[in-house]
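>>> Structure, please.
(chains A, B, C and D)
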Amino acid sequence: MTEQKLFLERVSLIYMAPCVIANNNVRFEAEFSSDVKEVMPYLNTVIKNATYNPEREIIFFTKGPRMITLRDRKLAVQRADDQTDAYKIIDFVKDLINDTYANRESITPSYEKKVRTSALEIFSYLPRTNCKLCGEPTCLAFAVKLLAGEVALSACVPLYSGEKFSARKKEMEELVETMGLNS
Amino acid sequence: MTEQKLFLERVSLIYMAPCVIANNNVRFEAEFSSDVKEVMPYLNTVIKNATYNPEREIIFFTKGPRMITLRDRKLAVQRADDQTDAYKIIDFVKDLINDTYANRESITPSYEKKVRTSALEIFSYLPRTNCKLCGEPTCLAFAVKLLAGEVALSACVPLYSGEKFSARKKEMEELVETMGLNS
Amino acid sequence: MEKEIYLDWSATSYKKPTQVLDAMISFIEDVGVSSGRGAYKRAFAADNIVYECRKEVARLFSVSDPARIAFTSGATESINLLLKGFLQPGDHVVTTSLEHNAVIRTLHRLKLTRDVDYTIVHCDSGGHFDLTDFKKSVRPNTKLFALNHASNVIGRILPIRAITKIAHEHNAKIMLDTAQSAGSLEVNVAELDVDLLAFAGHKSLLGPQGVGGVYIREGITLATFKEGGTGSDSKSRTMPENLPERFEAGTLNYPGIAGLKEGLKYINSRGVTSIRKAELEVIKYALERLKALEHLTLYGSGNADDTVGVFALNVKGYEPSVVAHTLDIEHGIMVRSGLHCAPLAHESIGTLDGGALRASIGYTTTKHEIDVFIDALEKLR
Amino acid sequence: MEKEIYLDWSATSYKKPTQVLDAMISFIEDVGVSSGRGAYKRAFAADNIVYECRKEVARLFSVSDPARIAFTSGATESINLLLKGFLQPGDHVVTTSLEHNAVIRTLHRLKLTRDVDYTIVHCDSGGHFDLTDFKKSVRPNTKLFALNHASNVIGRILPIRAITKIAHEHNAKIMLDTAQSAGSLEVNVAELDVDLLAFAGHKSLLGPQGVGGVYIREGITLATFKEGGTGSDSKSRTMPENLPERFEAGTLNYPGIAGLKEGLKYINSRGVTSIRKAELEVIKYALERLKALEHLTLYGSGNADDTVGVFALNVKGYEPSVVAHTLDIEHGIMVRSGLHCAPLAHESIGTLDGGALRASIGYTTTKHEIDVFIDALEKLR
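Okay, the predicted model is just below:
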């Protein structure tokens, strides 16, 4: 930890709800006290499994089962264990950003667009009804094609009909946007 | 309850210790915010079982097993159940004094010396060793003679030898003084 | 954004009367110490504050002997203490679908570990109970009816007197959870004929979080919930028999009790009847306005007279957590979403899957605040 | 009379650093509300304070995961939670004669109700234990050693590392009661190899009364002590498995935790080693001066290095309660008399009948205050 001024002073939890992907987990949002855009190229180098979308200025990565998205002044996390876990992730992200910023002189920034996700990860966001209404035999097959850019998210009928998957739809749209896939 | 100014504003507990007479009970002292001397002749009328010593300005009475002594600004109580009971007795005595004072116009004060206690009560304060060192066959017999003014408290050898009964001695001396018996 | 509007009173009252904080500050600054036996004046002063608070609680519930009131860390501990202290192996309990998890989970734990069984009496979606269901639920080994005075989800007030009558006719006792009623609804233990009562200090009693208590009717002996140090009878390896010491092992939350005392003084001097009357005006108004919004589903009876200031609702097309978040971020309105720790109540009203939004009022809530809340909901069409 | 001298720190620390009260005021004034899930920013701010406090506790005890710390209403509840959550029917516990009634009475309750047995290892009148007595007390069904880090009567520090070694050699766990050590003596759970730990918030941790907590080593699963509402998994009729939620049913003492956080921050930034060093100076001085008074009986080892700032003594010819009262009324010195909820400790030092006077120091106690105390004792010849 350096003694110089921190890039982020505060990260405040502002929203928490049951996770739409995993049972008994939570999803949450927190607010950064500064916009983290300028640290993103450095984070893109530092975080080994980062998905980085430089046009939209989004970074997505996972930590265990947790799916973490950074954008502007917002931290959004899916699949945290519980509230204490949320506070731990906030600490982790805050330290990660502050340490990366403090050491930016010795980090080569990467402005390259990267998509590092798996069909299984995308699959976990889907309704998983295996309804076949998209034309694919299973949701996993749909996920494979979505990742390959061969289908658009909007082909998923359950996601776009009614309230049942409305929260999931929102998360899924964010993910697809982050990944630069077809929405 | 009257609306006029209270005689006693506060009664503050200042001391509490295990009871020397009864096991698992407590004795305590509290401080009146005013000297209660002037209310005593009225209390002597109001309290049916009061022992009143006008020379020494002491009132003693019992409430159930509790032995209550008022003197100057001091309330001393033996055999209270526990601390909550102590606060209840304090409330009771405070209300008794305040109500008696508020209604003093309609109470005929009594300046008469009264001793209303029983040999059994005195007995309960004694060491109850039945040691016969006072010359009586039992502590109860000693209590009967003490109440009749035929012996002095100082004849009780255990009470005046060593530390074991030092607290009890103090209480006993107070009682004897209140009653106007031979100390 | 207008100034913040707090509509989460049934979680915690905020703000409290100023004397509550003043009393806490004064305790910490000027008294500070712990219980007094065998000690010094200052320690007795601390105990005196506890006794004064005990008297105020007794006054609120029309209990003649303050020693029958014991303090706990909150309503959850109170309910645990009462249920675990009273119920014996083989006992059966009648409870309701409107209970908080503090009751249901504790009963369930006793079912798993102590051979205690329980029957849940269900209400309709408006929170109405058929009294014959209580009678039908009684078994020969029914020893207790455990229920709340008012629901923390839909605010519905339960017909306690009628239920108590049924319980007592069958020689069962009543444990009343007053977390959502005490301080905003009259609770007279003699009139309601209640045997055991749990209360929370930090809701309508206007004290801080971390304090609550129980009332135990004279003649009822409970096993202890916590063992530890007591002012009296230290030599014994079991807890003393006398109340409140039996149930107050260890150091109490003195600053909390000092604050609660002032909350209770405020309530007792203003009078619960007068507080209820004022709140009823706001409740009536809120119900009228909420019922007029057709993009909303309002749960509960919809009738102010049998409702405390708690409203459960959903906005069509929105997850309740999103509504709560939007009201907070865009309008500075604080409400809560989810299951509110009472899943069976959500089963009764049909919101077990998605939960509901809960808005709740307190002794300072105004009709204007309700208007702002309604306007914000209007924007979510 | 000089200004008041407080020598009852082992009951409650007084006064606390000013930031403790400031944090409580700020919580009540500016935050005020309860836990946040499904709610609003302000509620998350309340939870954040709890998390910050959890981190400070973890830091104090060198625990890497703050989630292994759960808050309770005090050390008594912590000890009840740990013992009742861990011990199973048929288990045997090794404990000591220096234990507080929170441990002894809880074990005794489990003996009466859960077929748990316990063996008390006795110390000599100076508080010294023969380690072979611990070994001899172990039975095939010994599952736990339950003991305090330092005695609340004679201040004697127990040789925890050595005892832990014996316990672990016999596959028993260790429950450490740090009520009299945490904050004034280093407590490193890894170094001491402790499995379960109870702490009080209002003593040397400088928080207010009404808050305490536990540490539970990873891999140890305890039954719940209280059931009730939790932020997560509301639908389940049993408490969640995840810590700390599993042990934090109901609304926490938020103002208390806000205060405790500042007490801990003070301690963690000053450093326990430095606090102990400063207190040790005063302890050494007090012991020297007390030992020089021949009308006094001083209990304990008389050796500062194995003593926390707690002194038990009697003045020849006086009941201890009279001495305490006299010191209070005539000198404004606050000490405590009696059995201090640890009757076996008094049996060990031979004061079970009359009890003893207890004077205890804290982080601001000066040698001058010790002088005034000694002078007052001198007058009681």
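>>> quick one: contacts of stretch C:130-146?
With contact meaning Cβ atoms under 8 Å, 6 or more residues apart in numbering or on different chains, stretch C:130-146 is reached by C:83, C:86-88, C:90-95, C:99, C:103, C:107, C:118-119, C:121-122, C:159, C:162-164, C:166-167, C:170, C:172-175, C:177. Placement of C-beta: from N, CA and C, glycine included.
>>> Sitting in helices, which of these do you find?
Judged by DSSP state H, the contacts of stretch C:130-146 include C:83, C:86, C:103, C:107, C:162-164, C:166-167 as members of helices.
>>> Could you pick out the buried ones from the contacts of stretch C:130-146?
By neighbour count, with 16 or more other Cβ atoms under 10 Å in any protein chain shown, those hold C:83, C:86-87, C:91-95, C:99, C:103, C:107, C:118-119, C:121, C:163-164, C:166-167, C:170, C:172-175, C:177 as buried.
>>> ok, A:P41 - how many residues close by?
20 (other Cβ atoms under 10 Å in any protein chain shown).
>>> For it, give its distance to A:I107.
As judged by Cβ to Cβ, to the nearest Å, A:P41 and A:I107 stand 9 Å apart.
>>> What of A:V39?
From A:V39 over to A:I107 the distance is 10 Å, taken as Cβ to Cβ.
>>> swap in A:L75?
Going from A:L75 to A:I107 by Cβ to Cβ gives 21 Å.
>>> Of those two, which one has the most company?
Neighbour count, other Cβ under 10 Å: between A:L75 and A:I107, A:L75 has more, with 25 against 16.
>>> Using the three-state scheme, assign that one.
Three-state call for A:L75 (DSSP: H, G, I helix; E, B strand; the rest coil): strand.
>>> what do you get for C:G362?
Under three-state DSSP, C:G362 comes out as coil.
>>> how many neighbours does it have?
24.
>>> I figured it hits C:V310, correct?
No. Using Cβ atoms under 8 Å, C:G362 is not in contact with C:V310, being 10.5 Å away.
>>> And the contacts of stretch C:33-40?
Under the criterion Cβ under 8 Å, 6+ apart, residues B:13, B:16-17, B:26, B:83, C:42-47, C:231-232, C:251-252, C:254, D:6, D:8, D:11-12, D:14, D:202, D:209, D:320-321, D:324-325, D:327-328, D:334-338, D:355 lie in contact with stretch C:33-40.
>>> mind checking the longest helix of chain A?
Using DSSP H, we find that the single longest helix of chain A is helix A:83-102.
>>> ok, residues contacting the helix or strand following that one?
The helix or strand immediately downstream of helix A:83-102 is helix A:119-125, counting by DSSP states H and E. If you take Cβ under 8 Å, 6+ apart as the criterion, helix A:119-125 is touched by A:21-22, A:62, A:67, A:139-140, A:143-144, A:146-147, A:168, A:171-172, A:175.
>>> mind listing which of the residues you listed are in helices?
Using DSSP H, the contacts of helix A:119-125 in helices are A:139-140, A:143-144, A:146-147, A:168, A:171-172, A:175.
>>> Show me which positions of the lowest-mean-pLDDT helix or strand in chain A end up buried.
Lowest by mean pLDDT, DSSP states H and E among the helices and strands of chain A is helix A:166-179, with a mean of 80. Buried positions in helix A:166-179, judged by neighbour count with 16+ other Cβ under 10 Å: A:167-169, A:171-172, A:174-179.
>>> and if you look at stretch A:111-119?
Buried, per 16+ other Cβ under 10 Å, within stretch A:111-119: A:114, A:117, A:119.
>>> Please state the offset of that stretch from the chain centre?
The chain centre lies 12 Å from the centre of stretch A:111-119; the measure is Cα atoms, centre = their mean, to the nearest Å.
>>> Keeping just the C-alphas, turn that stretch into PDB.
Presented in PDB, the C-alpha positions along stretch A:111-119 are these (Å, rounded to 0.1, in the frame of the first residue of the first chain):
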ATOM      1  CA  TYR A 111      -6.100  -0.600 -25.100                       C
ATOM      2  CA  GLU A 112      -6.900  -3.800 -26.800                       C
ATOM      3  CA  LYS A 113     -10.500  -5.200 -26.900                       C
ATOM      4  CA  LYS A 114     -10.600  -8.600 -25.200                       C
ATOM      5  CA  VAL A 115     -13.400 -11.100 -24.800                       C
ATOM      6  CA  ARG A 116     -12.600 -13.600 -22.200                       C
ATOM      7  CA  THR A 117     -15.700 -15.500 -21.300                       C
ATOM      8  CA  SER A 118     -17.000 -19.000 -22.000                       C
ATOM      9  CA  ALA A 119     -20.300 -20.300 -23.400                       C
END
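>>> give me the subset of the contacts of helix A:119-125 touching chain D.
Filtering the contacts of helix A:119-125 for proximity to chain D by Cβ under 8 Å from any Cβ of the partner chain leaves nothing.
>>> Farthest-apart pair in those residues, please.
By the measure Cβ to Cβ, A:A22 and A:V144 form the most distant pair in the contacts of helix A:119-125, at 21.0 Å.
>>> What's the local residue count around A:G149?
Counted with other Cβ under 10 Å, residues neighbouring A:G149 total 11.
>>> How about A:S124?
Number of residues near A:S124 (other Cβ under 10 Å) recorded here: 18.
>>> And it, what's its pLDDT?
pLDDT for A:S124: 82.
>>> for A:S161, same thing?
81.
>>> closest point of the stretch 51-200 of chain C to chain D, which residue?
Residue of the stretch 51-200 of chain C nearest chain D, by Cβ to the nearest Cβ: C:T76 (2.8 Å).
>>> Show me the domain layout of chain C.
Recorded structural domains for chain C (assignment: automatic domain parsing) are C:5-16+C:271-378, C:18-270.
>>> gap between C:I333 and D:K41?
As defined by Cβ to Cβ, C:I333 lies at a distance of 11 Å from D:K41.
>>> Looking at the two, which one has more neighbours?
More crowded of C:I333 and D:K41, by other Cβ under 10 Å: C:I333, with 25 against 18.
>>> Which of the three states applies to the closest residue to the more buried one other than its chain neighbours?
Leaving aside its sequence neighbours, C:I333 sits nearest to C:L327 (Cβ to Cβ, 6 or more residues apart in numbering or on different chains; 4.1 Å). Here C:L327 is recorded as helix under three-state DSSP.
>>> all helices for the stretch 251-381 of chain C, in order.
In the stretch 251-381 of chain C, the helices defined using DSSP state H, counting those that start in this stretch lie at C:254-270, C:272-291, C:320-331, C:343-349, C:367-378.
>>> which residues pair with the residue in chain A positioned nearest to chain C across the strands?
Taking Cβ to the nearest Cβ as the measure, the point where chain A comes nearest chain C is A:A17, at 3.7 Å. In this entry, A:A17 is beta-bridged to A:R27, by DSSP bridges.
>>> Could you count how many residues lie near it?
Per other Cβ under 10 Å, the neighbour tally for A:A17 reads 21.
>>> near chain D, which residues of the stretch 51-200 of chain C?
For the stretch 51-200 of chain C, the residues in contact with chain D (Cβ under 8 Å from any Cβ) are C:72-77, C:79-80, C:100-102, C:104-106, C:108-109, C:112-113, C:200.
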